[in-house]
Every structure is written in C-alpha cells, then in structure tokens.
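# Quick one: sequence and predicted model below, then my questions.
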Amino acid sequence: MNSVWWASEDFWRKMAVWLTAVMTVVLILLTFDTVKQITAGSERVPAYSAINHRIYYRFDSSRNMQVPVIGDSAPLFGTSLSEEDAEALVSKGKLTTQAKNCMNCHTLLGNGAYYAPDLTKAWLDPAWGSEAAREQLMVNFLLDPHTNARGYGTGRKMPNLGITEEEAHGVVAFLKWMSTIDTNGFPRNFTPISQEGDR
Amino acid sequence: MNAGIQESSNLTGGQKLAVKYYTVAVVLFVAQILFGLLSGLKYLQPDFLYEVLDFNVTRMVHINAMIVWMLFGFMGAIYWLVEEESETELVGLKLGNLAFWVLTSAVTVVVLVYLFVQVGPAEMSTIWFIGEGREYIEAPRWADIGIVICLLVFMYNIAATFMKGKWSGISGVLVLDLVALAGLYVAGMYYTPNISMDQYWWWWVVHLWVEATWEVLVGCIMAWGLIKTLGANRKIVTTWLYIEVALMLGAGILGLGHHYFWIGTPEYWLGIGGFFSALEPVPLVAMVVHAVYDSGVHGSKNSNHPALAWLIAHAFGNFFGGGVWGFMHTLPQINLYTHGTQWTTSHGHLAFFGAYATINIAMFYIALQRWRGNVYMSAGLPGNGWKWKWALSLLCTGVVGMTMALLVSGYEQAFVERALGGSTWAAYFEAQRGTWYVQGMYWRQIFGYVTAAGLVLLIWDLLTIGLREKRSMVVPTDHVVVTA
Amino acid sequence: MLEPVELNNIMIAVIAGAMVVLLGALYAFTFAMGKMNKKRWLIGVSYTVFAGLAISVFTLAQSLNLNGYWQLVTYTMLLGYLLAPQAIWKLSVGTHRASD
C-alpha cells in the first residue's frame, strides 16, 4: 500500500528538525530579553549597592504578590559602599556559598537541597530577633555555628565550615542583596522581621 | 562463539569498550545508593558523621554519582551499538580507550577531593580545583573542561565511525544530540555574583540535559533496543523516533520555563512554563496508544526477558515519575508552595529512576547476553530467573516506596512551612518536626534499604546470569542477527 | 495575574492533577484497545473515561484558580488529551501500512 505523507519517515524527520529549531529560536529570543531583565541593576534584579539600603516588602495588589522595595539608607556594617565595592563584597559572599557547598543543604531561590532552610529571604527572617542585632548575629553564626546553633529541636546543626570573617561579611551582603530580587512572590505569605519605619 | 562464559572474544572492540563503561557505571550506581542511604540517615540521626561527612558532601556525591553513572551507561550503550549500526569497526578504538581512562580517573579524583577536601576558601582556586558548589554540576572547572574534551572525543569517534560506515536515521539523531550534549555543558562553566543569572544558565545545563538531550539519547537507545529485542521494523522505529523527538523537544525545550518561575526571571515565564508543562504529559499519554498497537501487531517472541521487563519498568516509571508526579505540582499556582520541598525530591527519585536507571539496566542485560555468547535469556532460566525478578521487584518497590514516603513529607512541608507558615525559618523547622514529615523520613530510609537490597541482587545477577547456560538465544522474529 | 491555590484546595488540586494524567492514559489505553479489537463498546468506555478526565481538568482549573490567560491552558490541555491519542492511532496505522 502507498504511504500517506503525514505518516512518512521523511515528513517526521522534517517535523523533528523544524519543531526543534523553532523552539530553540524562541528560547534564544526569550533569553535575550530575560538576560536584560535579570542583569544586576535592573528593576527585577537590583544593583549590588542596594545593600546600602533597608529592604522592605510591599504587597502589590495588581500583581497579587509581595514585591521587594529598596528603602532608606541603611548601610551594611555601618559603611556605605560604592557600586564597585558592593559588587566585590556580594561576589565574595556568592563565591563563599559556592566554595562551602551551601546549596547541598540549603536552597537558594528555592533550588538546592532540603536539609536546611531556604536562604532566599534569610536577611529578613524574623528569627534574627531585632533589626539592630541582625548583622552581628549573622556573622557570629557563620563564624561559629556550634555555639550559635539553631536547630529548633530537630537536632540538625550547621557544621563549622572554616568561614573567615571577611567571607562571613560577604555572605551577609550576598544574602541581603538576594532578598532584593523580585521572585514573583516566592515564597508566598512571607513575614519579614520587623524593621524601623515598617508600614 | 563460546556459550555460557564471560568471553570477550564474543565482543567487538567497541563492545569491549562499552563493557568498561558499564563496569564503572555499576560502581557509581553503588556509590549513589550508598551515599543516598547516608544522606537519608542524617534526617533521622543528625549527629551521624557530623563534621566528618556532612550532609552537603554525602548528598553531593549521591546526586553526582547518579548523573555520572547514567552518562557512563549511555556512552557504553552507544559504543555498544555503533559498530553494528554503522556496519564497520570503530574508527578510534585507542582514542576511545584513552578517553575512557582519562574520564574515569578524573571522576575518581573529583570524588576523592569531594570526600577528603570537601570545601575551600572563597577564591576562584576553589572553583577550579575543589568544587563549584552548584547542585548537579559541582565538578570543579578543570574536570568540566576534561568532561567536555572527553565528550568531544566520544562524539568524534561515533560520528567518524558512522561516516566511514553507514549512516542511518537513528545515528543522525544520535550525533546531533551528542553535539547538543557537549555544547550545553559549556553553559555551566561560568561564575557570576548574580544568583538569578547563575540559575538561569544553570537550568540550561540541568533541564536541557535531563529533559531534552538525555531523553533523545534514550529514544535512540530504545529504538535500537526495540529492533534488537523485539525484531521491530527499522523504518517504523525510525519514523517513531522522529515523532518522539518532535513531541519531546516541541514541549520540552520551552518546558524549561517551569524552572523560571521564582528565580528573578520575568513574569511571562509563569505563562510559558505553565503552558508547556501542562502539555508535557500529553505525548507520554498518547504513546500508550502506540504501545498497545505495537504489542497487538507484533506479539513477537523476545530474546531477552530481563531486558524487556526493565524496558516495561521504564515505560511505567517514566509515565508515573515524569508524567503524574511532574504534573501534580508543576503549575505555578501550586508550585509556589511545593517548589524546593521534599515534593521535588519525591518527583526526582521516581523520574530519574523511571526514565534513566531502568533503561540503562535493560542495556546491561542486552550486553551481557552477547558477552556470554548469545545465550538464552527467555522464560525458564535456572531457578526461574529468581535473581533478576527479585532484583527488579526490590528496586522498583524501593524507589516507589521512597517516592510515596517523600510525597507524604513533602505534602506536610508544603502545607505547614509554605502555605501556613509563610516560609520563615521557624516555619521550616516546625514542618521538619511534624509527625507526618518525620514518619515519611523513616519510611524513606526503610525503602532506601529495600532499594539497596535490590541493587545487591541485581549485581549478583549481572555477574552470574547465563554463565552456565547451554541454550542459545531465541532469535526474535524478522530480525537478522549481525555476527561480527 | 497569578492566584495561588487556597489552603483548603491543595489536596484537591494534587489529586485532580494526578487524575488528569492517569485518566489520560486510561482513555488512551481503552481507545486503542477498542480500535485494535474493533470493539465499539470499548470506544464508548474510552469516551466515558474522557468525561472523567474533563471533570478532573475542570476541578483542577477551579482549585488552582485558572482564570484569564490560564483558561487557555485548561482548554489546550482538554483538546490535547482528547486528540493526541486519536492522532497517534492514525499515525500508528499510517506508519505501519507505509512500511508493509
């Protein structure tokens, strides 16, 4: 019997090639736009110097989600940094999270492992108690997780990873900067630490 | 031909090389399960090996061993098929052997560094020589470069062999896919302080490897497996390979969007990712029709029962792991709560096992049959084939059990931590202490041991099946055995 | 605009999601068996299964608040699950005939 064109090997070879090609082209076009929108300094992914400011969340009813807001001046560790220095500090912190393999216990932006809490909003977590003490508590914890362990009764505690003071400062900067990223409302219903000027 | 013994003279050069890849694959499979058990145990006994081998190390080895054993399995399968498919000898056997030893040594060094060095200072030297700390692609940069070079050598070897001999539809798809496989890995060799950008490209490697190029590789291997074990018609199989590639990549490439919901990427990804993820199970479901049609039309004798059983496990595992478990939590309206919980783990375990572990094991059996001299592997093996049957049952029960247990934990976590607790650290730990969550973790560990028992039995079977077999392989209908 | 699932609807959404894919497979299976064995009643069964699938899709859509743009996803899904198995049947017959 004769083969019908829509069931022929030739037709489906072409379909496979064309569909793959079209989807790849669409992905590449979307990538150009996305990369522009997630480059640091854009609306969704703020400049590294955002760490010089207080970070808030505001419910945006038109988007039906919480969005980060960069507020008044609130320099990290009491020093306002230039864009260049801020990037260097955040980069130090990001590199620390990679060098210490944080992602195989924690999640960052929800990706990673699930043995320890998500770090996306670590900077704004109410667990730090007060806004004033937060920076130092975070550094202390990273330097000496044994003494400052917080397992909430699960028995899990972070190991001592030999983090230096410089690295700890970097990690805090990186976490503060990460909390400024517009994550389309993830995680939902997050309650931040109470901060000065909270509205 | 020597029946019933492990006789390498039964094999071609490429097949001998394939056996090497398979051997390393099985060793890494053992490592995967061992480090999986260790990681699971830490949820129950957090102090176990604390600051000796911490969770971040055991879990890294667990997932890396998995990725690499599956990759070794695929490479083995391709070396196994290339000569029959091209009807000529492998072009660069020496080169292939060299690349195998380089790759295997590199993997060994990487694992030893993971285990004994573990972490480094926050310098680029750590990224280059210890690890990159990015889930799934933790391998240090030097190893990344080595992996790409070995993949390129592999690709050259395969493409050049087809060029010297004969091309076919399957080999065309295969070679193009290998180009994509090597190329995409390059997207992972990149440092940036910007975590959104980091994860954007990271998913190119992770998703487009696992949900695109690997699926196509499996499609090629399956196509060849069907021709081999069921004596299926080549022209039909090739046409269906094209249909599958069209459907899988048609939905899978932009299915990448479901990883771009919450990492800082624009809102349009919610719509794109949601749309294509909703469609991703459709081809899987539709293929049921083809399976029914095929089994009705052919009903042919098959020459290798264990391999066929594992291929069936593959069909079901892929359907449930990828299709059902994926779709349950893929739309952003619910993924907002399930993303980054044990829910993901549940899906991951069943999907990886169903889609990739099963097919590799099926290929091991196909290879063993030839290696032991085209021995009989149909019904009525000694002891009624209890070893392979129990290995299959234990492995499947173990993985399905873990998946169910993790789903219970994941459900509680999504509910208590995310939906009720608003994802604070206090809420995270409250969920971790929850009765259902903890119960789930215990059951996961128990089923982990079941999986391990299945693996032990599987290895025992792989080492012994067909050794004392005197009967010859049943030749599948309308299939011509190519003898080298 | 995204309207995430309500707390009380999480379980319903999860079950409905699983049912969509499972019934999709059952519909495909009964449809193919009916065609294969030329049993009209099995085709009838397959459409009954599809009705169940449609109910699951609408339950899912309701529990996940799929409104606005998301309705497109709902209806594409329905259409895809309905037509894809039929298309694959035609292709199965077509490709096998072509090579005979």
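That came through fine.

# hey, let's count contacts and neighbours off CA atoms from now on
Noted.

# Any chance you could list what contacts stretch B:93-105?
Identification of contacts with stretch B:93-105 by CA atoms under 8 Å, 6 or more residues apart in numbering or on different chains yields B:13-14, B:17, B:21, B:24, B:146-147, B:150, B:153-154, B:157.

# what about 6 Å?
B:C150 (CA atoms under 6 Å, 6 or more residues apart in numbering or on different chains).

# swap in stretch C:83-96?
Contacts of stretch C:83-96 (CA under 6 Å, 6+ apart): A:7, B:286, C:28.

# If you rank every helix and strand of chain B by mean pLDDT, what lands last?
Every helix and strand of chain B was ranked by mean pLDDT, DSSP states H and E. The lowest is helix B:281-297, at a mean of 83.

# Tell me the buried residues in that one?
For helix B:281-297, the neighbour count (16 or more other CA atoms under 10 Å in any protein chain shown) marks B:281-290, B:292-294 as buried.

# Then stretch A:80-91?
A:80-81, A:83, A:86-91.

# re the thing from before, of the contacts of stretch C:83-96, closest to A:A122?
B:A286 (44.3 Å; CA to CA).

# and chain B, which residues reach chain C?
B:275, B:285-286, B:289, B:324, B:328, B:333-334 (CA under 6 Å from any CA of the partner chain).

# ok, the closest residue to B:D177 other than its chain neighbours - how many residues close by?
Nearest non-adjacent residue to B:D177, counting by CA to CA, 6 or more residues apart in numbering or on different chains: B:T213, 5.9 Å away. Neighbours of B:T213 under the rule other CA atoms under 10 Å in any protein chain shown: 27.

# so what's the backbone phi/psi at B:T213?
Per-residue torsions, B:T213: phi -70, psi -40 (degrees, to the nearest 10).

# helix or strand right after the least confident helix or strand of chain B?
helix B:305-317 (DSSP states H and E).

# Whichever helix in chain C runs longest to helix B:281-297, inter-axis angle?
Scanning chain C for the longest helix, with DSSP state H as the assignment, gives helix C:70-99. Helix C:70-99 runs at 30 degrees relative to helix B:281-297, counting by axes from the mean of the first three to the mean of the last three CA atoms, to 10 degrees.

# Can you give me the domain assignment for chain A?
Domain ranges of chain A: A:8-38, A:81-178, per automatic domain parsing.

# Kindly confirm my reading that C:W41 is in a helix.
Yes: the assignment for C:W41 is a helix, going by DSSP: H, G, I helix; E, B strand; the rest coil.

# ok, it to C:T30 distance?
Distance, C:W41 to C:T30, using CA to CA, to the nearest Å: 10 Å.

# who's more crowded, these two?
C:T30 (23 against 12).

# what sits against the more buried one?
With CA under 6 Å, 6+ apart, C:T30 has these contacts: C:S46.

# buried stuff in the helix or strand containing it?
Assigning secondary structure by DSSP H and E places C:T30 in helix C:10-36. Neighbour counts using 16+ other CA under 10 Å place C:10, C:12-14, C:16-35 of helix C:10-36 among the buried residues.

# Spatially nearest residue to the residue nearest in space to the middle of chain A, not counting backbone neighbours?
With distances taken as CA atoms, centre = their mean, A:M178 lies nearest the centre of chain A, 3.9 Å away. With sequence-adjacent residues excluded and distances taken as CA to CA, 6+ apart, A:M178 is closest to A:T120, at 6.3 Å.

# Give the ranges of residues in the chain that sit below the confidence cut-off.
Just going to use chain A. A:1-3, A:198-199 (pLDDT under 70).

# Switch to chain C, please.
C:98-100.

# Contact residues of it facing chain B?
Residues of chain C lying near chain B (CA under 6 Å from any CA): C:4-5, C:14, C:17-18, C:21, C:25, C:28-29, C:32, C:64, C:73, C:84-85.

# quick revisit: among the residues of chain B next to chain C, which are within reach of chain A?
Counting by CA under 6 Å from any CA, no member of the residues of chain B next to chain C is near chain A.

# rewinding a little: closest to B:V175 out of the domains of chain A?
Closest among the domains of chain A, using CA to CA: domain A:8-38, at 13.5 Å.

# hmm, that closest one touching chain B?
Yes: residues of domain A:8-38 contacting chain B under CA under 6 Å from any CA: A:9, A:12-13, A:16, A:19-20.

# Skipping adjacent residues, who's closest to A:D118 in space?
Nearest residue to A:D118 in three dimensions, chain neighbours excluded: A:T107, at 4.6 Å (CA to CA, 6+ apart).

# who does that neighbour bridge with?
A:G112, A:D118 (DSSP bridges).

# For burial, what's the neighbour tally of it?
By the criterion of other CA under 10 Å, A:T107 has 21 neighbours.

# Equivalent analysis for the one 3 residues further on, please.
A:G110 is flanked by 22 other residues according to other CA under 10 Å.

# Distance of it relative to B:K20?
According to CA to CA, A:G110 stands 38 Å off from B:K20.

# How about A:R58?
To B:K20, A:R58 is 58 Å away according to CA to CA.

# quick one, which of these two is more surrounded?
In this view A:R58 and B:K20 are compared by other CA under 10 Å, and B:K20 has more residues nearby, 17 against 11.

# measure the nearest residue to that one once chain neighbours are set aside to C:T30 for me?
Nearest residue to B:K20, sequence neighbours excluded (CA to CA, 6+ apart): B:G76, at 7.6 Å. Distance of B:G76 to C:T30, given as CA to CA: 38 Å.

# pretty sure B:R418 contacts B:Y337?
Yes: counting by CA atoms under 6 Å, B:R418 touches B:Y337, with 5.5 Å between them.
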